[in-house]
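K.L.:
Here's my sequence, what's the structure:
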Amino acid sequence: MTTLTLAKALNEGMRKAMEDDSKVLVMGEDVGKLGGVFRVTDGLQKDFGEDRVIDTPLAESGIIGTAIGLALRGYRPVCEIQFDGFVFPAADQIITQLAKMPLRSLGAIRLPVVVRIPCGGGIGAVEHHSESPEAYFTHTAGLRVVACSNPADAYTMIQQAIRCDDPVVFFEPKRRYWDKAEVDTSLGGGDWPAFDEARVVRPGADITLLAYGPMVKTCLEAATAAEEDGRSVEVVDLRSLNPLDMPAVAESVRRTGRCVVVHEAPVFSGYGAELAARITEECFYSLEAPVLRVGGPSTPYPPSRLEEHYLPDLDRVLDAVDRSFAF
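P.N.:
Model prediction:
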């Protein structure tokens, strides 16, 4: 076992994928010589060369368009979008080409492209640097959308995403980049959990908290705090947003009878709305209370001095737990 930060775990995962397959390329703004603004790709260009770790122009549409062309020629590009809010210039390529070309060709064409997106707030940055755009991509049929929340998952899931023949949008919680944990880098792919499966990261009996990415740690802290009030809180890390591991979600909610969904993105039309609808449809007779949602308000991301009022925190999650038990 090795102690790694989440950022370093991603770095080690990409390094392993590049060692295993010469067709794996890394490309993006400042990913080479600088090693990325968060240093996630640090050292890769030095070890693999400029032909495999490519510093691109500041043109997100060009990055994804080039990656699609490379994938058509048999490569496996891993594209870094420098900040979450910078992905929108690439939306045309991602939504109208990357997501649709495999089906348009009746499966004859595969596009194994990974789009890495550092997501969420909590780092004192401004708008365009602290977004949570996952709902745009989960709504886009043809894309796999996953989110890691800890170093161990970061190490395995990035490799699984690179090996996947489908296009993958890979969300990384940027404020968790410096969190450390033990990672078993000796395990092979056959020992890893499937990256489209949810995981119960804290068992409980009274209520289910559903989260992904940066909010998993917040929910774990809330579960620990709720235990002092005698409440047993189960925390489920979704890991994959599309496809959604609905059987695992339903099993947990049917057992606890209550559910709160937590994400950083605005609540209105957010990913939590889909979760709440699906749970209500499939678990209606097991529910003791409505499915509640905790997220950001319907406003552009605020200046850094206000972000603590915008982001869901321990108190807001615990308030939702209390409201669920009040029904």
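
K.L.:
Show me where the stretch 51-200 of the chain has its strands.
P.N.:
Counting by DSSP state E, counting those that start in this stretch, the stretch 51-200 of the chain has strands at residues 53-55, 76-80, 114-119, 144-147, 168-173, 180-183, 199-202.

K.L.:
Could you say which one of those strands comes nearest to F86?
P.N.:
Nearest to F86, of all these, is strand 114-119, at 8.8 Å by Cβ to Cβ. Every residue, glycine included, has its C-beta placed from N, CA and C.

K.L.:
what packs against the closest one?
P.N.:
Judged by 3 or more Cβ pairs under 8 Å, 6 or more residues apart in numbering; DSSP states H and E, the packing partners of strand 114-119 are strand 76-80, helix 151-163, strand 168-173.

K.L.:
Using JSON lines, please lay out these together with mean neighbour count and distance to V216.
P.N.:
Written out in JSON lines, the entries for those read as follows (neighbours: other Cβ atoms under 10 Å; distance: least, Cβ to Cβ, whole Å):
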{"stretch": "strand 76-80", "mean neighbour count": "26", "distance to V216": "22"}
{"stretch": "helix 151-163", "mean neighbour count": "25", "distance to V216": "9"}
{"stretch": "strand 168-173", "mean neighbour count": "27", "distance to V216": "8"}
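
K.L.:
Same list (the ones you listed) but as a markdown table, adding mean pLDDT and distance to V260.
P.N.:
Conversion of those to a markdown table gives the following (pLDDT from 0 to 100; distance: least, Cβ to Cβ, whole Å):
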| stretch | mean pLDDT | distance to V260 |
| --- | --- | --- |
| strand 76-80 | 98 | 32 |
| helix 151-163 | 97 | 22 |
| strand 168-173 | 98 | 19 |
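
K.L.:
looking at the ones you listed, which is closest to S130?
P.N.:
Judged by Cβ to Cβ, the one of the helices and strands packed on strand 114-119 that comes nearest to S130 is strand 168-173, at 11.4 Å.

K.L.:
Quick check: can you name the pairing partners of the closest one and their directions?
P.N.:
Neighbouring strands of strand 168-173 in its sheet, by DSSP bridges, are strand 114-119 (parallel), strand 144-147 (parallel).
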